[in-house]
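Asker: Please find the sequence and the predicted model below.
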Amino acid sequence: MNEEPASDSAGPDELPVTLTVRLNRNVYQESNFGEPPQIAVWVEKEDAMRTVWVSRRTATGYWEGKVECPTSLPIWVSRYVRRTGNPAPGVLNPLPDALTGATPVRNLTIRTRLPRGSSWTLFLELNISGDYNASFPPRLEGGLPDPDGNGQPSLIYAVPFRVVPDFRAEPVLTGRSDQLDPVSRPIPDLSGITSARHILKSCVLTVGSSR
């Protein structure tokens, strides 16, 4: 599977695809750091993957107070590395500016264009730092701190879709990553996930018309 480049302009055989995300500001403000989540959005099909948008810190490796944060969005990072053969994004090899941005405090609209009639699965991974709870505590066995300040791990939402006019669907929560280890596959067990479940007020995928 290869990483497909995003298209800058709509061709006659492409349709606009939009993901509209509304965040619950109260959820992330109650975390230890009070910052909006890191987010990655990508689409996959059998023979291709396209990264659509990634929060700037994960996409560039510019973290405040630490060199790296491997548990930020580990599922997207692992798929990006495996599909492209490139190293994980970082200070020396950041993603292009066109694919990155600071996560807004409330709403985020992400757009791309895909071939008409093609079938994909959209994935969204998001992670609030420092959203600790009883299952994902700030201090681990032996009293050591959570090294990445992670708390509840990143969550994975997914929805299959076909690029046809007026298609509409809502991605569904399907799994999570791990608090401490940068795993490469989603974990389906969502027990212990509490406040992180409520960070999305809404998330809607729509396909428009070429007109």
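Answerer: Sure thing, it's come through. Numbers count the residues shown, from 1 in each chain.
Asker: Just after the lengthiest helix in the chain, pick out the following helix or strand.
Answerer: Determined from DSSP state H, the single longest helix within the chain is helix 74-84. Moving toward the C-terminus from helix 74-84, the next helix or strand (DSSP states H and E) is strand 100-101.
Asker: Tell me which residues touch the residue lying farthest from the centre of the chain, please.
Answerer: The centre of the chain is farthest from one residue, G142, which by Cα atoms, centre = their mean lies 31.7 Å away. By Cβ atoms under 8 Å, 6 or more residues apart in numbering, the contact list for G142 is empty. In this view, the C-beta of every residue, glycine as well, is placed from N, C-alpha and C.
Asker: after the helix or strand bottoming out on mean pLDDT in the chain comes which helix or strand?
Answerer: Least confident element among the helices and strands of the chain, by mean pLDDT, DSSP states H and E: strand 2-3 (a mean of 54). Per DSSP H and E, the first helix or strand lying C-terminal to strand 2-3 is strand 14-23.
Asker: Give me the buried positions along the next helix or strand after that next one.
Answerer: Next helix or strand after strand 14-23 toward the C-terminus (DSSP H and E): helix 25-29. For helix 25-29, a neighbour-count test (16 or more other Cβ atoms under 10 Å) marks 27-28 as buried.
Asker: Can you list the neighbours in contact with the longest helix of the chain?
Answerer: Applying Cβ under 8 Å, 6+ apart, the contact partners of helix 74-84 are 1-3, 40, 42, 44, 49, 51, 54, 58, 70, 86-89, 123, 125, 154, 156, 177-178, 181-186.
Asker: centre of the chain versus that helix, how much separation?
Answerer: Computed by Cα atoms, centre = their mean, to the nearest Å, the chain-centroid distance of helix 74-84 equals 11 Å.
Asker: for the record, mean pLDDT for that helix?
Answerer: Helix 74-84 carries an average pLDDT of 95.
Asker: buried set for that helix?
Answerer: Quick answer for helix 74-84 (16+ other Cβ under 10 Å): 74-80, 83.
Asker: try stretch 133-151
Answerer: Quick answer for stretch 133-151 (16+ other Cβ under 10 Å): 136, 146, 148-151.
Asker: Can you tell me which of these is closest to L190?
Answerer: Nearest to L190 out of the buried residues of stretch 133-151 is F136 (Cβ to Cβ; 12.1 Å).
Asker: so how far is V159 from that closest one?
Answerer: 26 Å (Cβ to Cβ, to the nearest Å).
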